[in-house]
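J.: I would like the atomic coordinates for the input below:
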Amino acid sequence: MWGLRREHYDVGLNDAVSTPHVLMRFRPPKPTSPMAKTGPAKATGPPRPADAPEVAVVCQLFYPELVSTGQSLTELIEELSSHGLGITVLASQPTVIPGSKPVARVIEHHGFKVQRTWSTRFSKTSFLGKLMNLSTFFLSATWEVLRRHRGAQLLLLTNPPYLPMLGWLCHLLRQQTFGVIMYDIMPEQAELLNFIKPNGLAARAWRRLNGAWYRRAAFTVVISHDMLDGAIRNADLGGTAAEPACRAKTHIIYVWSDDRHIVPIPKSASREAQRLRVTDRFVVQYSGNHARFHDIETLLGIAKTFARDQRFAFQFIGEGQKKRVVDSYAKSERPAVVYSSTYVPKELLSDSLAMADVGVVAQMPGQERVCYPSKLLGVMAAGRAILAICSPDCEMARMILEHELGWVVPNGDIEGGRRSLLEAFSDPSRVARMGENGARLLRERFTLAKAAHAYYQLIMRYQTKGP
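T.: Here you go, the predicted structure:
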């Protein structure tokens, strides 16, 4: 699934010199055998502890769909499996990459089992299609957990966002232990995106349901300080008798980048930079999900101000609802500086990130309370300076400025973004220093090993002894 046909991967930005625009949308090749070919990889690390619980992890996205939550969760479970935990993952069939093919229903991966439950496979760029995919996965995963995983400790993600209700149901029926990892917080995120009316009937009902599962969960994990208050508020727990206990069992474990696989590489050594002929251009790279809650509009607005300046190159790598905004502009205006592609395969990710002089993170206003951009950690691991388009008052912005990791641009400030990039272009030594600061901070605080250790301690603390 993740290999790319190289014949579809051979047009670079400099081709735009003769033809003013190049737009690349890569298609993953047809998979050989339905992924079971990878076979079981031997787990490393200590043998399974005698008192280790069986853990059933439930999330829509997982290997081989190594995008968005799927990549982070796959890395975490691989690491936890190497600690000796007995893990089964329940996930849906791949749907994120256009044209993705179904994979085997059950595969062995790094010593644990990945089981696909049934769901629809509509395009995720359609709201109705995505809702159908999420809902059918929720129903089939619920059925599978109730039938086959009675004695397991459940580890549930917010993908789909109402998946924690599965934990509430299992706890209600049989006192089953469950924990929740909150990568996104609803309903506030849906309110911010105008999917539902702020504080309307649907939002109020959703908060009541959140409060129901929150009270029964053994533990909850959020991935930033900003999200801690958001989690409590979106469960209507603020000011209630349950708030102290719910805060006490809510743990902050940051997302990470696997610094064993993504490492700082000089731009001159990047094969992708050479292939795309951008080694002599100042590359501004957005790599990751182009979702509704990402401020692609401001970044694209900044790129438009450089439309005729071929000293610069703007790369939009990934997929998502807002990728169509980039592609629509690229097709209609044919700018010489914009490059668009689908997700880069994981084995090329470090090399791809090394193309950038500046890596971009872009969040819509208010999103800092309900999610945290994991792509920030990839940019840091690659040793690249950061351009953050977000609220200047959020936790991410404060960290970037405090540790001199890059520039923070308020949402909609296109002229400010242009000034920041011109400043970066004129001072390469400062840009390099910012990248070094980011790589060092990541190794100190945001590694996969540190995160996995924290999750392992939580799981062992709330181990399930059986049905």
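
J.: all contacts plus neighbour counts: C-alpha atoms, from now on.
T.: Fine.

J.: just the element for residue 114, please.
T.: Element membership for residue 114 (DSSP states H and E) is strand 112-116.

J.: could you list every helix and strand that that strand packs against?
T.: Contacts defined by 3 or more CA pairs under 8 Å, 6 or more residues apart in numbering; DSSP states H and E place strand 112-116 against strand 86-91, strand 106-109.

J.: residue contacts, the residue most central in space within the chain?
T.: The structure's the chain has its C-alpha centroid closest to residue 68; by CA atoms, centre = their mean the separation is 3.2 Å. Going by CA atoms under 8 Å, 6 or more residues apart in numbering, residue 68 touches 288, 289.

J.: the strands in the stretch 251-400 of the chain, which residues?
T.: 282-287, 312-317, 338-341, 358-362, 385-389 (DSSP state E, counting those that start in this stretch).

J.: want to throw those into CSV with mean pLDDT, mean neighbour count and distance to residue 191?
T.: Below are those laid out as CSV (pLDDT from 0 to 100; neighbours: other CA atoms under 10 Å; distance: least, CA to CA, whole Å):
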stretch, mean pLDDT, mean neighbour count, distance to residue 191
strand 282-287, 97, 24, 25
strand 312-317, 96, 24, 27
strand 338-341, 93, 24, 30
strand 358-362, 98, 27, 19
strand 385-389, 98, 27, 20
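
J.: C-terminal to whichever strand or helix holds residue 442, what's the next element?
T.: Taking DSSP H and E as the definition, one finds residue 442 inside helix 428-445. Sequence order places helix 448-461 as the next helix or strand after helix 428-445, per DSSP H and E.

J.: poorly predicted segments of the chain, please.
T.: Scanning the chain for pLDDT under 70 picks out 1-51, 96-99, 124-125, 464-467.

J.: how is it carved up into domains?
T.: Under the assignment automatic domain parsing, the domains of the chain span 50-256+448-461, 260-445.

J.: sorry, back to before: what angle separates the helix holding residue 442 from strand 358-362?
T.: Angle of helix 428-445 versus strand 358-362, following axes from the mean of the first three to the mean of the last three CA atoms, to 10 degrees, is 60 degrees.

J.: other SSEs contacting helix 428-445?
T.: helix 375-381, strand 385-389.

J.: reformat the helices and strands packed on strand 112-116 as TSV; add mean neighbour count.
T.: Shown next, in TSV, are the helices and strands packed on strand 112-116 (neighbours: other CA atoms under 10 Å):
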stretch	mean neighbour count
strand 86-91	22
strand 106-109	19
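
J.: which parts of stretch 265-284 are buried?
T.: Buried residues in stretch 265-284, counted by 16 or more other CA atoms under 10 Å: 265, 267, 270-273, 276-279, 281-284.

J.: among the residues you listed, which are in helices?
T.: 271, 272, 273 (DSSP state H).

J.: what about the second one, distance to residue 278?
T.: From residue 272 over to residue 278 the distance is 9 Å, taken as CA to CA, to the nearest Å.

J.: between those two, what contacts are shared?
T.: With CA under 8 Å, 6+ apart, residue 272 and residue 278 have common neighbours residue 355.

J.: mind checking the longest helix of the protein?
T.: helix 127-148.

J.: adding distance to residue 242, write the strands of the stretch 251-400 of the chain out as JSON lines.
T.: Supplementary listing: the strands of the stretch 251-400 of the chain in JSON lines, determined by distance: least, CA to CA, whole Å:
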{"stretch": "strand 282-287", "distance to residue 242": "40"}
{"stretch": "strand 312-317", "distance to residue 242": "44"}
{"stretch": "strand 338-341", "distance to residue 242": "47"}
{"stretch": "strand 358-362", "distance to residue 242": "35"}
{"stretch": "strand 385-389", "distance to residue 242": "36"}
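
J.: with respect to residue 409, which of those strands lies nearest?
T.: strand 385-389 (4.8 Å; CA to CA).

J.: so the closest one versus strand 358-362, what angle?
T.: 20 degrees.

J.: give me the residues contacting strand 385-389.
T.: 295, 298-299, 357-363, 376, 379-380, 397, 400, 405-411, 431-432, 434-435, 438.

J.: reformat the helices and strands packed on strand 112-116 as TSV; add distance to residue 176.
T.: TSV is the format used below for the helices and strands packed on strand 112-116 (distance: least, CA to CA, whole Å):
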stretch	distance to residue 176
strand 86-91	16
strand 106-109	24
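
J.: right, so of those, which gets closest to residue 457?
T.: Of the helices and strands packed on strand 112-116, nearest to residue 457 by CA to CA is strand 86-91, at 14.7 Å.

J.: same for the closest one, what does it pack against?
T.: If you count contacts as 3+ CA pairs under 8 Å, 6+ apart, strand 86-91 packs onto strand 54-58, strand 112-116, helix 127-148.

J.: so for the longest one, what gets flagged as buried?
T.: In other words, helix 127-148. For helix 127-148, by 16+ other CA under 10 Å, it's 130, 132-138, 140-142, 144-146.

J.: separation between residue 186 and residue 209?
T.: 11 Å.

J.: between those two, which one's more packed in?
T.: residue 186 (22 against 18; other CA atoms under 10 Å).

J.: am I right that that one sits in a helix?
T.: No. Under the criterion used here (DSSP: H, G, I helix; E, B strand; the rest coil), residue 186 is coil, not part of a helix.

J.: now do the contacts for it.
T.: 161, 206, 234, 370.

J.: give me phi/psi at it?
T.: The phi/psi pair for residue 186 (degrees, to the nearest 10) reads phi -110, psi 160.

J.: skipping adjacent residues, who's closest to residue 437 in space?
T.: Excluding the flanking residues, the one nearest residue 437 by CA to CA, 6 or more residues apart in numbering is residue 405, at 6.1 Å.

J.: how much space separates the one you found from residue 424?
T.: 12 Å.

J.: higher neighbour count, these two?
T.: More crowded of residue 405 and residue 424, by other CA under 10 Å: residue 405, with 28 against 21.

J.: would you mind listing the outside residues contacting stretch 207-218?
T.: Under the criterion CA under 8 Å, 6+ apart, residues 164-165, 167-168, 171, 177-180, 187, 220, 234-237, 242, 246, 249, 462 lie in contact with stretch 207-218.

J.: now do 7 Å
T.: Here stretch 207-218 makes contact (CA atoms under 7 Å, 6 or more residues apart in numbering) with 164-165, 167-168, 177-179, 187, 234-237, 246, 462.

J.: off-centre distance for that stretch?
T.: 24 Å (CA atoms, centre = their mean, to the nearest Å).

J.: change the start of the numbering to 683 and stick with it
T.: Understood, numbering begins at 683; the last thing we discussed is stretch 889-900.

J.: hey, C-alpha coordinates of that stretch in CSV?
T.: The C-alpha trace of stretch 889-900 is given here as CSV (Å, rounded to 0.1, in the frame of the first residue of the first chain):
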residue,chain,number,x,y,z
ARG,A,889,-21.7,16.8,26.5
ARG,A,890,-24.0,14.7,28.7
LEU,A,891,-22.9,11.5,27.0
ASN,A,892,-19.2,12.6,27.4
GLY,A,893,-19.9,13.1,31.1
ALA,A,894,-21.4,9.6,31.4
TRP,A,895,-18.4,7.8,30.0
TYR,A,896,-15.9,10.1,31.7
ARG,A,897,-17.2,9.3,35.1
ARG,A,898,-16.8,5.5,34.5
ALA,A,899,-13.4,5.5,32.7
ALA,A,900,-10.5,4.2,34.6
